[in-house]
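Sequence and predicted structure, then a few things I'm wondering about:
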Amino acid sequence: MTEFVPPGTRYIDLPSPFPMRRGGELRGARMAYETWGTLSPSRDNALLIVTGLSPDAHAAANEGNPAPGWWEPMVGPGKPIDTRRWYVICVNSLGSCKGSTGPASIKPGTHEPYRLDFPQLSIEDGAEAAVHVVRALGVDQLACLVGNSMGGMTALAMLVRHPGIARTHVNISGAAKALPFSIAIRSLQREAIRLDPNWNEGRYEEDSYPESGMRMARKLGVITYRSALEWDGRFGRVRLDSDRADEEPFGLEFEVESYLEAHARRFVRRFDPNCYLYLSRSMDWFDLGDYCLEHGIDREADTRAGLASIKVEKALVLGAETDILFPLQQQREIAEGLRAGGAEAIFVPMPSPQGHDAFLVDFERFGPAVADFLSTL
């Protein structure tokens with residue numbers, strides 16, 4: 001089991017013990033993060049990015065690591081999230097294998113990874129860990145909290161559990177709860193990993209990595225991250241050249257199959273399977289309405305009531321019309337719920353053909369929307 005940490009990543013220790021929402025605790029845990037720009041003397045220009053399932057903290061090139069980051073066109077001088085104005089922080093999610101403590105990390109008092117001894121992980125745990133990073137960096141209130149995909153869930157959990165943590169919010173392709181279709185897809189992904197004999201109840205090593213299970217899980221993910229419209233326009237029914245076709249019975253025959261295989265193989269050895277399982281399940285469990293039930297806000301545990309309890313001045317909610325994993329109805333629900341709580345919330349549906357992954361590739365649409373919103377702050 002290996003952690004995959006980019007150069008230049010920094011760390012902040014979490015309180016020890018760090019209690020987990022569903023029971024158990026972490027000791028000696030840490031969060032990985034990176035920063036860009038300069039914190040103002042009044043400490044009022046901080047912007048936090050919380051990410052989807054797989055990204056690390058390296059959202060863009062910086063002094064610690066000049067390599068392009070996963071959101072390079074969005075973060076930097078003169079870019080939509082302009083680091084000449086904003087002090088930008090990006091955290092790697094708790095439970096990941098890219099610097100923050102997770103199942104692939106060494107368990108204190110042992111020489112072995114946590115594996116399945118890691119406590120049950122919730123989105124709320126990731127939210128609490130991210131809030132600790134913000135506080136540790138000397139920021140009392142964020143100027144803006146930006147959450148993408150799973151990070152959109154994490155951001156909402158931060159806002160509802162820590163009133164005043166941010167003045168404004170940008171939620172991109174996020175959700176206030178997991179829907180049955182998304183749960184079903186993630187369940188199949190986890191099953192593919194668990195049924196790989198090499199998974200061995202989480203006790204695999206580098207030379208017995210559950211590659212087949214991870215490949216299948218990643219392929220399922222990639223299929224849902226994009227849209228049928230894009231698959232058709234990009235690949236059609238183009239077949240592989242004879243020298244590239246797989247001669248095995250029922251092997252690869254079409255370009256789209258080859259693309260999925262290559263994409264999966266690039267991913268599998270760069271992400272820990274147990275971390276994937278934990279983070280995936282944390283999304284299935286998430287429903288902002290649970291907070292209402294726990295705190296007596298609404299006996300029906302209504303998601304909308306949870307959103308309405310959030311107090312921010314302004315919000316921008318973006319989504320792609322072709323997203324089937326976090327469908328547009330979920331972004332509309334977020335905007336309407338935040339408005340019910342008094343926020344000036346703007347909902348912008350993007351006509352992007354690129355599905356859930358649009359915010360990672362369709363910068364011509366998403367970049368100006370984020371830039372325009374931030375320019376009003």
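Noted; the coordinates are in hand. Numbering: from 1, shown residues only.

domain ranges for this structure?
Domain segmentation of the chain under automatic domain parsing yields 10-178+288-375, 183-280.

okay, the ones you listed in TSV with mean neighbour count and mean pLDDT next?
Glycine gets a C-beta too; all of them are placed from N, C-alpha and C. Listed next are these as TSV, based on neighbours: other CB atoms under 10 Å; pLDDT from 0 to 100:
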stretch	mean neighbour count	mean pLDDT
domain 10-178+288-375	20	95
domain 183-280	17	90
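
any chance of these in CSV, plus distance to Phe4?
Formatted as CSV, the domains of the chain follow (distance: least, CB to CB, whole Å):
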stretch, distance to Phe4
domain 10-178+288-375, 5
domain 183-280, 6
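
so what's Ser375 up against?
By CB atoms under 8 Å, 6 or more residues apart in numbering, Ser375 lies in contact with nothing.

ok, it to Ala345 distance?
17 Å (CB to CB, to the nearest Å).

for Glu201, same thing?
45 Å.

Then Gly289?
18 Å.

sec struct for the spatially closest residue to Gly78 that is not a sequence neighbour, please.
Excluding the flanking residues, the one nearest Gly78 by CB to CB, 6 or more residues apart in numbering is Arg84, at 7.1 Å. Secondary structure state of Arg84, per DSSP: H, G, I helix; E, B strand; the rest coil, is coil.

mind listing the strands for the stretch 101-250 of the chain?
142-148, 166-172 (DSSP state E, counting those that start in this stretch).

Of the ones you listed, give the one that comes closest to Leu279.
strand 142-148 (14.0 Å; CB to CB).

Render the CA-only coordinates of the closest one in CSV, please.
Listed in CSV are the C-alpha atoms of strand 142-148, where the atom choice follows Å, rounded to 0.1, in the frame of the first residue of the first chain:
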residue,chain,number,x,y,z
LEU,A,142,-13.2,32.4,4.5
ALA,A,143,-14.1,35.0,1.9
CYS,A,144,-15.3,32.1,-0.2
LEU,A,145,-15.6,28.3,0.1
VAL,A,146,-15.4,26.4,-3.2
GLY,A,147,-16.5,22.8,-3.4
ASN,A,148,-16.4,20.5,-6.5
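
returning to that earlier point: what's the separation between the residue nearest to Gly78 and Gln354?
29 Å.

Could you do Thr224 as well?
Distance from Thr224 to Gln354, by CB to CB: 12 Å.

Wait, Leu142 touches Ala166, no?
Yes - if you go by CB atoms under 8 Å, Leu142 and Ala166 touch, sitting 4.0 Å apart.

joint contacts of these two?
With CB under 8 Å, 6+ apart as the test, Leu142 and Ala166 both reach Leu48.

surely Lys177 meets Gly289?
Yes - the pair Lys177 / Gly289 is scored as a contact, 6.7 Å apart, by CB under 8 Å.

what touches both of the two?
In terms of CB under 8 Å, 6+ apart, Lys177 and Gly289 are both contacted by the residues Thr303.

how would you label Leu252: helix, strand or coil?
coil.

which residues touch it?
Residues near Leu252 by CB under 8 Å, 6+ apart: Leu240, Ala245, Asp246, Ser258, Glu261.

And for Leu179?
Pro327, Gln330.

let's see it at 10 Å
Taking CB atoms under 10 Å, 6 or more residues apart in numbering, we find Leu179 in contact with Asp284, Leu325, Phe326, Pro327, Gln329, Gln330.

isn't Asp140 right up against Leu39?
No - contact criterion CB atoms under 10 Å: Asp140 and Leu39 do not qualify, at 11.6 Å.

Could you pull out the helices in this structure for me?
Secondary structure of the chain by DSSP state H: the helices cover 123-136, 150-161, 180-194, 211-225, 228-235, 255-268, 273-285, 289-294, 303-308, 328-340, 358-361, 363-375.

Need the ones you listed in TSV (columns: distance to Thr51).
Formatted as TSV, those follow (distance: least, CB to CB, whole Å):
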stretch	distance to Thr51
helix 123-136	10
helix 150-161	5
helix 180-194	17
helix 211-225	14
helix 228-235	22
helix 255-268	16
helix 273-285	11
helix 289-294	22
helix 303-308	21
helix 328-340	17
helix 358-361	11
helix 363-375	15
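
Please name whichever of these is nearest to Leu318.
helix 363-375 (5.9 Å).

Tell me the spacing between the residue lying closest to Ser352 once chain neighbours are set aside and Leu229.
Excluding the flanking residues, the one nearest Ser352 by CB to CB, 6+ apart is Ala358, at 3.9 Å. From Ala358 across to Leu229, the span is 11 Å (CB to CB).

which residues are common contacts for those two?
Residues within reach of Ala358 and of Leu229 at once, by CB under 10 Å, 6+ apart, are Glu321, Thr322, Ser352.
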